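Chemist: following is a predicted model, sequence given first.
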Amino acid sequence: MRIVRERTVGHVTLLDMADSPGLGQGDTIVTDKILSLTQHDRSAILLNLAAVSSLDSYQLGDLIGSRQAAGRAGAALKRLHVQSRVEELLRVMNVATMFEMFDSSASWASATESTRTS
């Protein structure tokens, strides 16, 4: 899995993810990016997984590590547009509930904005 684009929608940092050309690499690309974002006071992060069709064990570990890194930093990390095959893997591995899922970045931005102003 790789990050193909980073953008900001309101106060939310949106990371567009895609499949990696090769599987079985022990990189911590997502975790490292989450750590970097939280060090720059970005605490609302959304992973757009629309272009991710599969995950290997290393990539699954990277997703779990990124969620833990975000939690330790007090950041919110959510997922967007998860393909059914990836969703099923997350469910079977019992980690689907670690990440709240949204249908659009705008819906999450408005949800987090209302909690920020409360």
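Modeler: Nice, thanks for sending it over.

Chemist: give me the neighbour count for the residue nearest to residue 67 when sequence neighbours are not counted.
Modeler: Spatial nearest neighbour of residue 67, excluding adjacent residues (CB to CB, 6 or more residues apart in numbering): residue 98 at 5.1 Å. In short, each C-beta sits where N, CA and C put it, glycine included. Using other CB atoms under 10 Å, residue 98 has 16 neighbouring residues.

Chemist: make 39 the starting number, not 1.
Modeler: In the new numbering, first residue 39, that becomes residue 136.

Chemist: tell me how far residue 136 lies from residue 116.
Modeler: 10 Å (CB to CB, to the nearest Å).

Chemist: doesn't residue 104 make contact with the residue nearest to residue 105?
Modeler: No - counting by CB atoms under 8 Å, residue 136 stays clear of residue 104, with 10.0 Å between them.

Chemist: spatially nearest residue to residue 54, not counting backbone neighbours?
Modeler: Using CB to CB, 6+ apart, the closest residue to residue 54 is residue 43 (4.2 Å).

Chemist: that neighbour - that's part of a strand, no?
Modeler: Yes - per DSSP: H, G, I helix; E, B strand; the rest coil, residue 43 lies within a strand segment.

Chemist: quickly note the distance from it to residue 126.
Modeler: Residue 43 is 26 Å from residue 126, by CB to CB.

Chemist: now do residue 91
Modeler: 12 Å.

Chemist: same check, this time on residue 106
Modeler: Distance from residue 106 to residue 126, by CB to CB: 22 Å.

Chemist: and the strands in the chain?
Modeler: 40-47, 50-56, 82-89, 114-118, 139-140 (DSSP state E).
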